[in-house]
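Asks: what follows is a predicted structure for the sequence shown.
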Amino acid sequence: MHPREVTATLTSFLLVLILMGAYYLLRPLRDAMASDWSDAEVSWLWTFTFFFSAVAVSLYGTAITRIRFHYLVPGVYGFFAASFVLFYLGAASDQHPVVIDKAFYVWISVFSLFHISVFWSFMADTFSKPQSKRLFGFIGAGASVGAIGGPAAVTLLAGDTGTQPLLLVAAVLLVLTLPVIALLQRQKNTVLHNEEVHVGQGDFDYVGGNPLSGFVDFVRNPYLLGIGLFIFFYTAISSFVYFQLKNLLADYDEATRAQIWAAMDLVVNTLTILIAAFATGRMAKHLGLPFTLASVPVFIGAGMLMLAAAPMVSVVVAIQVARRAGNYAISRPAREMLFTAVDRETRFKAKPVIDIVVYRGGDMINAWGFTALTQGLGLGMAAVAGVGAVIAAVWAALGIYLGRRFNGMKDDGPAKAVTAVPAD
């Protein structure tokens, strides 16, 4: 790090720390609410989230074409800060509390799409490419610190103050980002001397408009289809574990639930840092990508079998922690490696399809699948866990397949991978 880059780098570190802290203050509040609702009600909320997310990303893409990026970044965070104040006022008024809670549940899922995505776009608008290679790793560590600090604050504060004041705390944190953003925008020109660095419209071609615009490329490419299925099976396990957990926590009050969810976030984010720092790279290098992609599904499948044999809260909590930490530290980085085998255009076209249609759509479909098993067929926790174990086995097999396909494609190069991926 060059001396002139220190202040801008530390300012960026602080910015992402605040953003992640605000998000992880609110995430446990959202998840704590779900235990008050039936599986069908939560499935409807996930359905609304899917469609609302697609609309929100399209609107953001339109905003990029009409608003200077210099104003767009603080505008996004100021808008969300104001929205959280409105949710606090709505909750305090005690009018239609269920409607407000459900709207907040969906809104936090929309916020999760933007808070970090906009930040990294801002970083691309601030630092040059050579600087990004040297500095973004350190800046990204700020996100990890914020992801630990936010849940820690919830575990300490929610029991004494309740959950509603945390909305105002999160809003204040987002407001605090505005002077930090302004400072960083000045540092770009006065300290970094990166006047020529800017994010152009072409950098966002894959964001706006119809998220289905790249769907044809996605369905014609067996390799990308495999990645999409890999994520779909992940959402299936995620949905099953989430619904089991929210049902088991129904006997606790909302503040206690928020503390439990926050404690899980705290453990997950701490484990993620440790695993990513000491294990992920070594796994991919020495054991290979097929093993790396299959490791988390195999571990989760074993956990599901344990849950089928001993359906207890502690087992579900352990699976939830292992699933999320394993995804953040192992599965997701390994999954991103898979995209290096295709060219940039294909990768950007497929990204909205996978991130919105497959991921959010998978959440929606699998939520209704869980509801059908529990409220439709009347299956208990043990039986549902058995279904989850089968899904995890298929998920692991697909991970091995994708890892082997990736190994075979590396020698052929990206162009061949895009146009001539053979179907097995």
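Replies: Nice, thanks for sending it over.
Asks: contact partners for residue 326?
Replies: Contacts for residue 326 were tallied using C-beta atoms under 8 Å, 6 or more residues apart in numbering; they are 275, 295-296, 299-300. C-beta: built from backbone N, CA, C; applies to glycine.
Asks: can we see that at 6 Å?
Replies: Neighbour list for residue 326: residue 296 [criterion: C-beta atoms under 6 Å, 6 or more residues apart in numbering].
Asks: can you check residue 87 too?
Replies: 104, 167.
Asks: average pLDDT for the helix or strand hosting it?
Replies: Per DSSP states H and E: residue 87 is located in helix 69-93. What helix 69-93 shows for mean pLDDT is 90.
Asks: can you give me the helices in the stretch 51-200 of the chain?
Replies: 69-93, 97-126, 129-161, 165-190 (DSSP state H, counting those that start in this stretch).
Asks: lowest average pLDDT across those?
Replies: Across those, the lowest-scoring stretch is helix 129-161, with a mean of 79.
Asks: picking that back up, the helix holding residue 87 vs helix 165-190, what angle?
Replies: Taking axes from the mean of the first three to the mean of the last three C-alpha atoms, to 10 degrees, one finds helix 69-93 and helix 165-190 inclined to each other by 170 degrees.
Asks: pull the distance from helix 69-93 to the chain's centre.
Replies: 20 Å (C-alpha atoms, centre = their mean, to the nearest Å).
Asks: with stretch 177-184 instead?
Replies: 24 Å.
Asks: buried ones in it?
Replies: Within stretch 177-184, the residues that count as buried by 16 or more other C-beta atoms under 10 Å are 177, 180-181, 184.
Asks: of these, closest to residue 137?
Replies: residue 184 (17.9 Å; C-beta to C-beta).
Asks: quick revisit: got the buried residues of stretch 177-184 as TSV, with distance to residue 255 columns?
Replies: Below are these laid out as TSV (distance: C-beta to C-beta, whole Å):
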residue	distance to residue 255
177	27
180	31
181	33
184	36
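Asks: ok so, going back, what angle do the helix holding residue 87 and helix 97-126 make?
Replies: 160 degrees.
Asks: where's residue 30 relative to residue 5, distance?
Replies: Distance, residue 30 to residue 5, by C-beta to C-beta, to the nearest Å: 37 Å.
Asks: nearest residue to residue 379 in space, please, no chain neighbours.
Replies: Take residue 379 and drop its neighbours on the chain: the residue closest to it by C-beta to C-beta, 6 or more residues apart in numbering is residue 373, 4.7 Å away.
Asks: domain-wise, how is this structure divided?
Replies: 1-191, 211-424 (automatic domain parsing).
Asks: OK, contacts around residue 21?
Replies: Per C-beta under 6 Å, 6+ apart, neighbours of residue 21: 146, 149-150.
Asks: same deal with residue 338?
Replies: Here residue 338 is in contact with 227, 406 (criterion: C-beta under 6 Å, 6+ apart).
Asks: that one: which element?
Replies: Going by DSSP H and E, residue 338 is part of helix 332-338.
Asks: for residue 26, see how far away residue 170 is.
Replies: Counting by C-beta to C-beta, the gap from residue 170 to residue 26 is 5 Å.
Asks: hmm, back to that, nearest to residue 268, out of the helices of the stretch 51-200 of the chain?
Replies: helix 129-161 (8.5 Å).
Asks: buried set for the closest one?
Replies: Per 16+ other C-beta under 10 Å, helix 129-161 contains these buried residues: 131-132, 135-136, 139, 142-155, 157-158.
Asks: residue 35 and residue 244, how far apart?
Replies: Counting by C-beta to C-beta - residue 35 and residue 244 are separated by 11 Å.
Asks: ok, now residue 380?
Replies: 10 Å.
Asks: which one's more surrounded, the two?
Replies: residue 244 (23 against 11; other C-beta atoms under 10 Å).
Asks: show me the contacts for the more buried one.
Replies: residue 316.
Asks: helix or strand for it, which one?
Replies: helix 222-248.
Asks: in that helix, which residues are buried?
Replies: 223-248.
Asks: what's the first helix or strand after that helix?
Replies: Following helix 222-248 toward the C-terminus (DSSP H and E): helix 254-275.
Asks: the inter-axis angle of that next one versus helix 165-190?
Replies: 40 degrees.
Asks: quick check: which helices or strands does helix 254-275 pack against?
Replies: helix 6-33, helix 129-161, helix 313-326 (3 or more C-beta pairs under 6 Å, 6 or more residues apart in numbering; DSSP states H and E).
Asks: measure residue 285 to residue 130 for me?
Replies: Applying C-beta to C-beta to residue 285 and residue 130 gives a distance of 25 Å.
Asks: could you do residue 318 as well?
Replies: 43 Å.
Asks: repeat that for residue 189.
Replies: On the measure of C-beta to C-beta, residue 189 and residue 130 end up 18 Å apart.
Asks: re the thing from before, quick check: angle from the helix holding residue 87 to helix 6-33?
Replies: Using the same axes, to 10 degrees, helix 69-93 lies at 30 degrees relative to helix 6-33.
Asks: and helix 69-93, what's buried?
Replies: Buried, per 16+ other C-beta under 10 Å, within helix 69-93: 69-70, 72-74, 76-78, 80-81, 83-85, 87-88, 90-91.
Asks: what does stretch 390-406 give?
Replies: 391-392, 395-396, 398-403, 405-406.
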